[in-house]
Structure formats: C-alpha cells, structure tokens
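1. how would this look folded up:
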Amino acid sequence: MSPPSPYRRRRPAPEPSVASRRRRKRRERARQRHGRRTAVLAVLVAVPALVLVIAAVGGTLAFGSSCNLDALRPVAVGENSFVYAADGSLLGVIPAERNRTPVSSGAISPWMGKATVAIEDRRFYKHGGIDPVGIVRAVVADVRARKFVQGGSTITQELVRNLYLTRERTLKRKLTEACLAIRLAGHWSKKRILTAYMNEVYYGNHAYGIEAAAETYFSVPARDLTLDQSALLAGLPQAPSLYDPFRDPAAALSRRNEVLHALLVNDDITSSEFERAKSDRDLHLKPGHHFSTIREPYFFGYVEDLLQQEYGSNTVREGGLRVYTTINPALQRAANAAITHVLNEKTDPASAVVSIDPRNGAIRVMTAVTPGNKGNQFNFATSGPRQPGSTFKVIALTTAVARGMDPFATSYLSAPFHYQPDPTCNSADPNCAWNVQTYGHDYHGVESVVSATLQSDNTVYARLSLDVGPQNIVDMAHKLGVQTPLAPVPSIALGSDVVTPLDEATAYSTIAAGGVYSKPMAITKVVLPNGKVDTDAGWGKPQRKRVIPDWVAYTVTRVLELNMTGGTGVGAHVSGHTDAGKTGTTDNYADAWFSGYTPRLEATVWIGYPTAEIPMLDVHGTAVSGPTFPADIWHLYMETAIGNRPDVPFPPATGKPIWTSWRGQYQYAGAPAPATTATTTTGATTTTKPPTVHQNTVAPTVVPPTTTEAPPPATTTVEPPPATTTVEPPPLPPATTPPAQTTP
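-> Numbers count the residues shown, from 1 in each chain. Coordinates of the predicted model:
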C-alpha cells in the first residue's frame with residue numbers, strides 16, 4: 001500500500017457522495033429506532049416503578065387490609081381430600097399435611113436453594129420483593145417471541161400468591177400481590193422467604209414442598225439432595241406435568257440442564273461441575289412409596305390432574321374435598337384379572353385397559369399392569385401415545401362412509417400398491433415412493449371394503465386413504481374424540497401416527513353411541529370443604545353432541561360386528577352377545593391393540609413394552625399381535641362385565657343412508673413398478689416414509705415409520721380367570737339427546 005500523500009490534507013473537501021448521504025440516512029434511522037426502543041423500555045420500566053410507588057408508599061391506603069400482613073392469615077393446609085369410586089368405596093387420599101412436611105433451612109440441601117434462585121429469580125438477593133428489571137426482561141422476551149416465554153414474578157410474589165391470595169385474575173389482585181411482596185420482603189429475611197417458598201411450592205406427582213418432592217422422586221430427605229437432583233427438582237414448579245420425569249424423562253432432562261446452565265451463569269457452579277453434571281443423562285430416579293396408599297393410582301392421578309385444572313393447586317392442597325368418580329371397582333378388578341391372567345410372567349410386556357360407557361362418557365376402567373415393575377407410576381392410558389396400527393382403519397372407514405361410500409357395495413383392488421406422485425424423483429430416496437404389501441403376499445383381487453376390513457388388508461386401505469384424503473381422516477378422528485395431534489399423511493389410515501388408549505376408547509365409544517360424542521367423564525360430584533356441592537364446574541353432567549349421523553355409525557358397527565364373528569376379532573367375541581371391534585398391530589410387533597364395544601360398554605386394550613418400541617416376537621412363544629393377547633384380554637374382561645346379562649343388540653339407525661356413486665382415483669390402481677422405495681406390509685416389517693401427496697386438496701407430509709396390521713399367529717388359548725360376580729354398571733342420568741346433523 002502506498003503511503004498517504006502529504007498533499008491530501010490541503011485539498012478542499014469534496015462534495016458529499018451518494019454513499020456518504022446513504023450512511024447519514026442509515027445513522028439517522030438507527031437513532032430513530034433507538035429512540036423508539038428507549039421510549040418503549042421507559043414505559044415498561046415506568047409501569048413496575050409505578051407499582052413500586054403505589055405498593056411501597058401507599059399500599060395500605062390504596063388496598064386497605066388486603067395489603068396488611070397483620071390482617072391476613074396464611075392459607076391453612078387443611079384436612080385431606082378423599083376420592084371415592086362409583087360404588088362409594090374409598091379410592092385414596094389427596095394428602096394435605098401428610099405429603100407436605102415443612103422443614104427448616106438447615107434440613108434442605110444448599111444446592112436446592114441455589115438451583116431455585118438461579119432458575120426462578122436470579123436477582124432474588126438484590127430486589128425488594130418485586131423485580132422491575134426482571135419484569136422488563138420478561139416483557140421484552142415475550143414481545144420478541146410474540147408469546148409468553150418468561151415470567152416476571154419473583155419468588156417472594158409466588159410465595160405471597162400461595163400463602164395469601166386467591167386465583168382471581170384482576171389488576172387489583174396483581175397490585176395487591178406486589179404490595180404484599182414488598183411488605184413481606186421488608187419483614188422476612190431472604191433465607192426465611194426462600195425456605196418458605198420451597199416448603200409450599202408444588203413439584204408434581206402429589207408432592208407439595210421440597211421434603212415430599214425429594215422422597216417422591218429420589219426416596220431421600222431434602223438435606224441429602226445432590227446437585228443433579230436439586231437441578232431436576234428446581235425445574236419442576238414451572239410446569240410439573242410438562243417436565244414430569246416419570247412421564248417424560250427427555251423433557252425433564254432438558255429442563256434439568258437449563259437449571260444447571262442457570263447455576264453456571266450465576267457462578268454457583270464451575271464449568272467443570274456443569275459439564276460433569278450435564279454429561280450424566282441418567283436421572284437416577286428412585287420413586288417413593290406414595291402410590292402404595294392409593295388403590296387405583298393411574299385413575300387417581302388422572303382425577304387429581306382434573307381437580308388441579310379446575311381449582312388450582314392451592315384449593316386441592318388445602319384439602320377438605322370429597323370427590324366422587326365414575327370408576328367401577330368390580331370392572332377394574334375384572335380388567336386387572338384379565339391382564340394378569342394373560343401376561344403372568346415378570347418379563348412380559350405391559351398392558352393398559354380403558355373402558356367407557358358410550359351412553360354418557362363415564363370412565364369405568366382405567367388401569368395398567370407392568371409385570372415385574374409394580375412401582376411404575378406412568379399412566380399409559382392417558383400419557384403414553386403409541387401407534388394404533390389397524391385399529392385406526394375404523395376411523396378411515398367412518399370417514400369414507402360419511403362421504404357416501406357404501407362399504408358393502410364398494411370394491412377396491414387388493415394387490416401390491418405403488419404410490420409415486422413424482423415420477424422424476426430419485427428411486428434411491430426412501431421418500432420417493434411408497435409400496436404397500438400384505439405380510440403373506442396373499443391378495444384377493446377386487447373385493448368389497450367389508451371383506452378388506454375383515455382381513456385387515458393394508459393395500460385396500462392405502463388406496464382408500466388417498467381417495468378419502470388424509471386430512472379428512474384426521475378431522476374425523478378429532479370429531480370422534482381423539483385429542484392427540486395427528487399428521488395428515490397417506491399412511492394415517494394404517495395407524496402411522498400416535499394416540500393414547502383414552503383417545504381410542506373415546507373414538508370407538510362415539511361410534512358405539514350411534515355417532516354421539518361424549519366427553520370422557522371421571523368425576524361425578526365434588527363436595528367442597530363447606531359441605532356444599534360444587535354445581536358450577538359441571539361435574540357429573542354428560543357433555544354430549546352428535547358428530548356423525550347415526551346411519552354412518554350404524555354402518556361401521558355392522559362391519560365391525562362381522563369382524564368379531566368372521567374376521568381378525570373372532571378371539572375377542574363374547575358368545576351370545578352382540579359386540580363389534582377391530583385389532584391392530586404395529587411394525588415389528590412393537591404395539592398390539594384391540595378396541596371394541598357393545599351398546600353399553602367400550603373397552604380398549606394396549607400391549608407393549610413401556611420403555612421403548614421393542615418387538616414382542618416371543619412372549620410365551622407367541623408373536624404378540626392384535627388378534628392374540630389383546631383380543632384375549634378384551635374377551636376375558638367383557639365376558640366378566642356382560643357375560644351374565646341379557647344380550648342387547650345395537651339399535652338400528654333412524655336416519656336414511658345417503659350413498660354416492662363412489663369412484664376413487666386409486667380404487668383400482670395397479671401393482672408397483674420395480675424400484676428401491678418405501679415398503680409397507682400387513683405384518684411385522686421394516687417400513688419407511690411415503691412421499692408428499694398433492695391430491696384430494698390435501699398435501700400430506702412425509703409419514704413416520706408406518707404401522708401395520710400383523711396377521712394372527714397360531715391360535716393362543718387362554719384359560720379364563722375365576723368367575724366373579726361383576727356386572728356392568730347402570731348408566732349415569734342420561735343427557736338430552738342432541739339433534740341429528742345433516743348428512744355431510
């Protein structure tokens with residue numbers, strides 16, 4: 001580079017260039033943006049500052065006794081809440097004082113306090129009860145994310161809320177909270193506030209306070225909690241269900257690592273301590289014995305979740321509630337007996353059963369058995385979505401019938417199916433095309449949809465899925481009662497997405513009820529501590545609505561009745577009774593299902609290993625598929641529930657079917673061309689993803705590994721358990737029959 005010329009300084013300044021003018025404009029715009037940001041931040045700071053002035057200077061004047069600590073009394077931790085079954089027997093207790101054991105600060109591990117401050121309120125030792133900086137930081141983060149991503153409440157505010165305030169969502173209550181937080185910060189030491197908070201907060205799984213949480217998750221007292229354990233527990237209060245380590249270890253691990261990082265940022269741990277703790281991906285859970293005092297822990301936990309949603313943790317924790325539920329102990333025993341009779345070895349897979357009364361949505365059974373692990377606390381029925389396999393073909397069939405397809409008069413081609421919407425795609429790409437085959441490579445040519453259903457023929461239902469439209473199948477599933485989100489992909493009809501047993505039971509109950517959906521009901525009555533029945537929450541009032549015409553439901557039921565006497569469901573059929581149902585099995589026999597119903601009772605059975613999708617290829621010498629053990633369990637349960645009662649046929653539809661001249665684009669689509677593409681079979685196979693579809697105004701995305709129906713292996717005979725005197729319970733008071741809908 002040449003040295004600068006000595007004469008350059010003497011030259012007159014040049015006229016401003018275009019570039020320099022642009023730079024000046026950019027600087028001016030930047031100053032304007034900075035000014036706007038400053039103004040916004042000034043407002044954000046001014047609001048909490050105003051709260052500070054009102055609360056600190058004129059709190060008592062503005063809010064009267066509501067901001068006077070001496071005039072308030074902490075919420076009392078009252079008597080236990082009792083939960084009863086439908087027959088009035090006690091299911092268990094939601095503990096108040098018993099599962100909340102306040103301890104002194106010296107009885108709590110130092111790691112716990114540090115972790116709580118780091119993740120909940122990192123300026124805890126710097127502010128006076130409320131944190132304007134924290135509020136601004138939270139607001140800015142929320143505005144940037146266009147959703148709530150951070151909270152601005154301090155530990156002191158949370159404690160005040162738990163101790164003194166109701167859940168009323170008003171500006172006055174928020175200002176009262178801030179006022180009380182400032183006053184409490186002035187009266188109590190930081191140590192006392194932090195200790196009180198850790199003794200009050202809810203950590204999930206019935207554990208109120210750190211002592212109960214330490215015992216619930218690790219079977220240790222709070223004083224013995226390690227860094228890793230403290231980080232896990234400190235992350236729970238924000239969302240106990242979302243980060244529940246029993247239900248979702250991956251989410252809990254991620255949250256624990258967030259807390260560890262917060263500790264690192266707060267200089268509470270060193271980099272080496274952070275890396276060492278983070279690298280340990282084992283949560284080292286050792287569940288306590290709390291569930292041993294509860295008769296039906298899975299249903300009990302489900303009921304407690306409903307109470308938390310309705311009343312909040314404070315009311316539930318205060319105790320004094322009398323909760324009456326829909327569960328039928330005799331049927332519950334029958335379901336457990338059926339499971340343990342079929343799966344009776346420690347190495348056997350787990351099983352869950354959900355049974356619903358289609359007439360009102362009452363949950364009569366919700367149970368699970370994990371052989372060899374009696375202490376399991378995971379509720380497979382509501383929290384463990386798995387692929388349903390061919391039981392989901394019933395949803396596809398319902399969708400097609402609702403659109404005018406007569407399954408008795410409509411034929412489809414049973415043959416290997418090749419689907420490749422983009423003929424130019426690379427055949428080596430597994431997303432290029434989708435091939436569907438049957439497990440035994442036995443095909444039936446042109447056959448009715450009824451026949452294909454009885455044989456659980458995937459090649460027919462793959463074609464039907466594309467003709468009906470995957471999005472329409474997803475919409476129908478949600479209409480019938482499936483709550484789990486679903487992806488509209490071609491293989492949705494084959495059960496490629498995941499649902500819970502409660503989802504399945506609800507959907508099949510809707511069909512059993514002639515197309516009337518009933519919201520699953522677990523609680524019939526709640527008596528409040530003052531002795532009054534809560535009539536505002538709607539407990540015990542069936543929430544029903546018609547979602548499909550009765551002739552659609554009746555047509556589907558007729559097909560499933562035939563399946564019980566001449567299809568894959570013959571092993572489940574209860575002799576002398578009218579029933580309907582469908583089997584389901586996923587790839588490599590990792591999950592097996594049976595869902596079926598009578599006019600008065602539905603039941604869904606799931607079998608699988610809870611820890612992973614492990615193939616069940618040799619359970620008692622049998623590959624477990626829907627027609628085997630799930631059908632056996634369903635049969636044994638239903639035989640006990642309805643075996644001694646008179647048969648009740650399904651009532652015929654009052655509406656007249658409206659059939660269309662069905663012409664499907666893929667109805668007779670031909671066999672596959674030779675290529676290396678995705679393959680789906682009707683049995684235990686390795687499957688990959690079908691390509692994106694642009695048909696029927698639906699554009700499905702790439703599907704996860706397809707679930708399929710496995711053929712039944714050799715017939716398995718299971719001796720019935722000892723006879724019991726269980727009978728089907730009477731229905732709750734019927735709801736008003738909803739008006740029929742017009743045909744879609």
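2. Then G569 would be within a strand, right?
-> No: secondary structure assignment (DSSP: H, G, I helix; E, B strand; the rest coil) places G569 in coil, not in a strand.
3. Contact partners for it?
-> With C-beta atoms under 8 Å, 6 or more residues apart in numbering as the criterion, the residues that contact G569 are 560, 563, 581-583, 594, 596, 627, 631. Yep, even glycine has a C-beta here, placed from its N, CA and C like the rest.
4. I'd like to know which of those residues is nearest to G643.
-> When the contacts of G569 are compared for distance to G643 (C-beta to C-beta), G596 wins out at 14.7 Å.
5. Is that closest one part of a helix or strand, or is it coil?
-> Look at G596: counting by three-state DSSP, its state is strand.
6. how close does it sit to I642?
-> From G596 across to I642, the span is 12 Å (C-beta to C-beta, to the nearest Å).
7. ok, now S661?
-> Remark: distance between S661 and I642 (C-beta to C-beta) = 40 Å.
8. now swap in W551 and tell me
-> 25 Å.
9. At the geometric centre of the protein, which residue sits there?
-> In the chain, the C-alpha nearest the mean C-alpha coordinate belongs to S383, at 5.0 Å (C-alpha atoms, centre = their mean).
10. burial measure for the closest residue to it other than its chain neighbours, as a count.
-> Leaving out its chain neighbours, the residue that sits closest to S383 by C-beta to C-beta, 6 or more residues apart in numbering is R247, at 5.0 Å. When neighbours are counted by other C-beta atoms under 10 Å, R247 registers 19.
11. Check which helix or strand R247 maps to.
-> Using DSSP states H and E, R247 sits within no helix or strand.
12. my read: it touches N379, true?
-> Yes: when contacts are counted by C-beta atoms under 8 Å, R247 is listed as touching N379 (7.5 Å).
13. The residue nearest to the centre of the chain touches L502, doesn't it?
-> No: with contact taken as C-beta under 8 Å, S383 and L502 are classed as non-touching, separated by 9.2 Å.
14. ok but V93 is inside a strand, no?
-> Yes: checked against three-state DSSP, V93 lies within a strand.
15. quick one: it from Y311, how far?
-> Using C-beta to C-beta, which is the criterion applied here, V93 is 16 Å from Y311.
16. And Q471, by the same measure?
-> For Q471, the distance to Y311 under the criterion C-beta to C-beta works out to 38 Å.
17. ok, now D475?
-> When distance is defined by C-beta to C-beta, D475 is 33 Å away from Y311.
18. Give me the more crowded residue out of the two.
-> Y311 (18 against 14).
19. Tell me if I am right that that one is in a strand.
-> No: under three-state DSSP, Y311 falls outside any strand and is assigned helix.
20. For A537, see how far away it is.
-> Using C-beta to C-beta, one gets 8 Å for the distance from Y311 to A537.
21. Can you pull the poorly scored residue ranges out of the stretch 251-400 of the chain?
-> Within the stretch 251-400 of the chain, the stretches falling below the threshold (pLDDT under 70) are 289-293, 374-378.
22. so where is the stretch 101-250 of the chain shaky, pLDDT-wise?
-> Going by pLDDT under 70, which is the cut-off in play, the stretch 101-250 of the chain has low-confidence ranges at 134, 137-152, 163-173.
23. 90 instead, please
-> Within the stretch 101-250 of the chain, the ranges that satisfy pLDDT under 90 run 101-103, 122-123, 126-187, 199-202, 204-209, 212, 215, 238-239, 241-242, 247.
24. which residues of the stretch 51-200 of the chain fall in helices?
-> Secondary structure of the stretch 51-200 of the chain (DSSP state H, counting those that start in this stretch): helices located at 110-120, 132-145, 155-164, 171-187, 190-200.
25. Now render those as a markdown table, adding distance to Q238.
-> Converted to a markdown table, these look like this (distance: least, C-beta to C-beta, whole Å):
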| stretch | distance to Q238 |
| --- | --- |
| helix 110-120 | 8 |
| helix 132-145 | 13 |
| helix 155-164 | 10 |
| helix 171-187 | 18 |
| helix 190-200 | 13 |
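26. Remind me what whichever strand or helix holds Q471 packs against, helices and strands.
-> Element membership of Q471 [criterion: DSSP H and E] is helix 470-480. Under the contact criterion of 3 or more C-beta pairs under 8 Å, 6 or more residues apart in numbering; DSSP states H and E, helix 470-480 touches helix 393-402, helix 501-512.
27. So which residues make contact with it?
-> Outside helix 470-480, the residues touching it (C-beta under 8 Å, 6+ apart) are 392, 395-396, 398-399, 402-403, 465, 486-490, 492-493, 499, 506-507, 510-511, 517, 547-548, 693, 696-698, 700.
28. Report the buried residues of that helix.
-> By neighbour count, and taking 16 or more other C-beta atoms under 10 Å as the criterion, the buried residues in helix 470-480 are 470-474, 476-480.
29. Looking at the residues you listed, spot the one nearest I294.
-> So of those, ranked by how close each gets to I294 (C-beta to C-beta), first place is L480, at 31.4 Å.
30. Would you mind measuring from the closest one to A231?
-> L480 sits 42 Å away from A231, taking C-beta to C-beta as the criterion.
31. re earlier: quick one: which of the buried residues of helix 470-480 is nearest to F82?
-> Taking C-beta to C-beta as the measure, L480 is the one of the buried residues of helix 470-480 closest to F82, at 34.4 Å.
32. per-residue confidence for that closest one?
-> Among the per-residue scores, L480 holds a pLDDT of 98.
33. ok so, going back, any chance of the helices and strands packed on helix 470-480 in TSV, with distance to N588 too?
-> As requested, the helices and strands packed on helix 470-480 are arranged in TSV below (distance: least, C-beta to C-beta, whole Å):
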stretch	distance to N588
helix 393-402	19
helix 501-512	20
